[in-house]
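Undergrad: Make a model of this:
(chains A, B, C and D)
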Protein chains: 4
Amino acid sequence: MYGYSESKQEYLTRLRRIEGQIRGLQRMVENDNYCIDILTQVAASTRALQSVALGLLEQHLAHCVTQAVAEGGGSADAKVREASDAIARLVRS
Amino acid sequence: MYGYSESKQEYLTRLRRIEGQIRGLQRMVENDNYCIDILTQVAASTRALQSVALGLLEQHLAHCVTQAVAEGGGSADAKVREASDAIARLVRS
Amino acid sequence: MYGYSESKQEYLTRLRRIEGQIRGLQRMVENDNYCIDILTQVAASTRALQSVALGLLEQHLAHCVTQAVAEGGGSADAKVREASDAIARLVRS
Amino acid sequence: MYGYSESKQEYLTRLRRIEGQIRGLQRMVENDNYCIDILTQVAASTRALQSVALGLLEQHLAHCVTQAVAEGGGSADAKVREASDAIARLVRS
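TA: This is a model prediction of the structure:
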């Protein structure tokens, strides 16, 4: 069980909606839609993905990292470093 | 015909691959994969989407904006402003 | 003369304000301010820098790239590619 | 004392270097440097600022958030939410 497990259905719904947006992008390309309209839709999909990432991250901090700290031992440091690396990948992507 | 029209098949292939990545994310959530592994995959999908956007934008500048400038008249200014707004949405997303 | 030349004073004013924000960050660190307050200020400085970049870019497209296209010859392609590379650096930073 | 306190001198050095980069940008604008060269330097300053933010954030998680969790009580939840909001501001800036 991870931080996001209680919101699993919500994440699946959001990811299916993003999948629909990506299929919509394919239709726009197939139908020769205007470049700028496609770009607007790409930016919307990117933001939706980032929003999923921020939700997962908050629940990861609230559950997995918090639990590692509460249990003590050396694993808390490793969890904080791992989460920080994930944050860096998000900020730089 | 727009800037990306000659590379239409390439864009469709890339978007189908991104659609596959998003379905992969749904499987990861369904199978209770580790949050950090899901976040790594979200960052990869985001980068793939940004890469599609940058390709579309370059071809838009090289064809649509360039053509508006070559044709003269007032439409070049409007095209530059429209492209700049699209760039701002990408930089801020 | 470049695209931004007519707005030179405006850019200098904005960059001096950003310089002041960076000095403000140094004071916050020196005075042991709370990490989250420093992070809020870092995000504001980053956004101000991005806003300067987007302004420069729009004026670059409107003047330098447009002029290269109007002059014809091979330089327009090189200018579009150069601008696209600069946009990619902004989107990925 | 906060997470970054032990690395205070390092952060001050990095922020002074960024201040120098911003003054360099002012000189570039004053000297009518080429737009694309200015944009390259803006992207470098933005990345340097983001790098400072990621460092502060990791130390915040490792010290302030971890300490709140270890102390128990309701403050850990508030700290996690506050950190998540700061992460969202960074990802979206």
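
Undergrad: Of all residues in chain A, which one is nearest the centre?
TA: Compute the mean C-alpha point of chain A, and by CA atoms, centre = their mean the closest residue is residue A:53, 2.0 Å away.

Undergrad: For that one, which residues are in contact?
TA: Taking CB atoms under 8 Å, 6 or more residues apart in numbering or on different chains as the criterion, residue A:53 is in contact with A:90, B:39, B:42-43, B:46, D:91. C-beta here means a position set from N, CA and C on the backbone, and glycine is covered the same way.

Undergrad: quick one: which of those is nearest residue A:3?
TA: For these, the minimum distance to residue A:3 (CB to CB) is 11.1 Å, reached by residue B:39.

Undergrad: From chain A, how far out is the closest one?
TA: 5 Å (CB to the nearest CB, to the nearest Å).

Undergrad: how close does residue A:91 sit to residue C:43?
TA: Per CB to CB, to the nearest Å, residue A:91 is found 10 Å from residue C:43.

Undergrad: Return the residues of chain A in contact with chain C.
TA: When proximity is defined by CB under 8 Å from any CB of the partner chain, chain A lies next to chain C at A:92-93.

Undergrad: any idea which helix is longest in chain A?
TA: Ordering each helix of chain A by length in residues (DSSP state H) puts helix A:35-60 first.

Undergrad: Now do the buried residues in that one.
TA: Neighbour-count burial for helix A:35-60 flags A:35-36, A:38-39, A:41-46, A:48-50, A:52-60 (criterion: 16 or more other CB atoms under 10 Å in any protein chain shown).

Undergrad: could you give the mean pLDDT of stretch A:28-43?
TA: Stretch A:28-43 carries an average pLDDT of 96.

Undergrad: How far does it stretch from one end to the other?
TA: For stretch A:28-43, the first-to-last residue distance is 14 Å (CA to CA, to the nearest Å).

Undergrad: how about it against chain B, any contact?
TA: Yes: in terms of CB under 8 Å from any CB, part of stretch A:28-43 sits within range of chain B, namely A:29-30, A:32, A:34-36, A:38-40, A:42-43.

Undergrad: Okay, angle between the helix or strand containing residue A:87 and helix C:75-92 too, please.
TA: If you go by DSSP states H and E, residue A:87 is part of helix A:75-92. Angle of helix A:75-92 versus helix C:75-92, following axes from the mean of the first three to the mean of the last three CA atoms, to 10 degrees, is 150 degrees.

Undergrad: Now list whatever residues contact both of residue A:91 and residue C:43.
TA: Joint contacts of residue A:91 and residue C:43 (CB under 8 Å, 6+ apart) are D:53, D:90.

Undergrad: How many neighbouring residues does residue A:27 have?
TA: For residue A:27, the neighbour count with other CB atoms under 10 Å in any protein chain shown is 11.

Undergrad: what do you get for the one 4 residues further on?
TA: Residues within reach of residue A:31, counting by other CB under 10 Å, total 7.

Undergrad: so what's the backbone phi/psi at it?
TA: Residue A:31 adopts backbone torsions of phi -90, psi 10, taken as degrees, to the nearest 10.

Undergrad: Near chain D, which residues of chain A? Just list them.
TA: Residues of chain A lying close to chain D by CB under 8 Å from any CB are A:50, A:53-54, A:57-58, A:61-62, A:65-66, A:69-70, A:76-77, A:80-81, A:83-84, A:87-88, A:90-92.

Undergrad: Let's see that with 6 Å instead.
TA: Taking CB under 6 Å from any CB of the partner chain as the contact definition, chain A meets chain D at A:50, A:54, A:58, A:61-62, A:66, A:69, A:80, A:84, A:87-88, A:90-91.

Undergrad: do you know how far the nearest residue in space to residue A:84 that is not next to it in sequence is from residue D:4?
TA: Leaving aside its chain neighbours, residue A:84 sits nearest to residue D:58 (3.9 Å; criterion: CB to CB, 6 or more residues apart in numbering or on different chains). Residue D:58 sits 9 Å away from residue D:4, going by CB to CB.

Undergrad: so which strand or helix has residue A:23?
TA: helix A:8-30.

Undergrad: Buried residues, that helix. List them.
TA: Residues A:11, A:14-15, A:18-19, A:21-22, A:25-26, A:28-29 are the ones in helix A:8-30 that count as buried (16+ other CB under 10 Å).

Undergrad: roughly how far is it from the heart of the chain?
TA: 14 Å (CA atoms, centre = their mean, to the nearest Å).

Undergrad: Which strands and helices lie in contact with it?
TA: Under the contact definition 3 or more CB pairs under 6 Å, 6 or more residues apart in numbering or on different chains; DSSP states H and E, helix A:8-30 sits against helix A:35-60, helix B:8-30.

Undergrad: now it against helix A:35-60, angle please.
TA: 160 degrees.

Undergrad: Tell me which residues are up against helix A:8-30.
TA: Residues outside helix A:8-30 that contact it (CB atoms under 6 Å, 6 or more residues apart in numbering or on different chains) are A:4, A:38, A:41, A:45, A:48, A:52, B:11-12, B:15, B:18-19, B:22, B:25-26, B:29.

Undergrad: Just the closest of these to chain C, please.
TA: Using CB to the nearest CB, residue A:45 comes nearest to chain C of these, at 14.5 Å.

Undergrad: The lowest-mean-pLDDT helix or strand in chain A vs chain B: in contact?
TA: The helix or strand of chain A with the poorest confidence is helix A:66-71; it has a mean of 89 (mean pLDDT, DSSP states H and E). No: if you take CB under 6 Å from any CB as the test, helix A:66-71 misses chain B, and the best it gets is 12.1 Å.

Undergrad: Please state the offset of that helix from the chain centre?
TA: That offset, for helix A:66-71, works out to 23 Å (CA atoms, centre = their mean).

Undergrad: returning to that earlier point: tell me which two of the residues of chain A next to chain D sit farthest apart.
TA: So, these by CB to CB: farthest apart are A:50 and A:69, at 26.3 Å.
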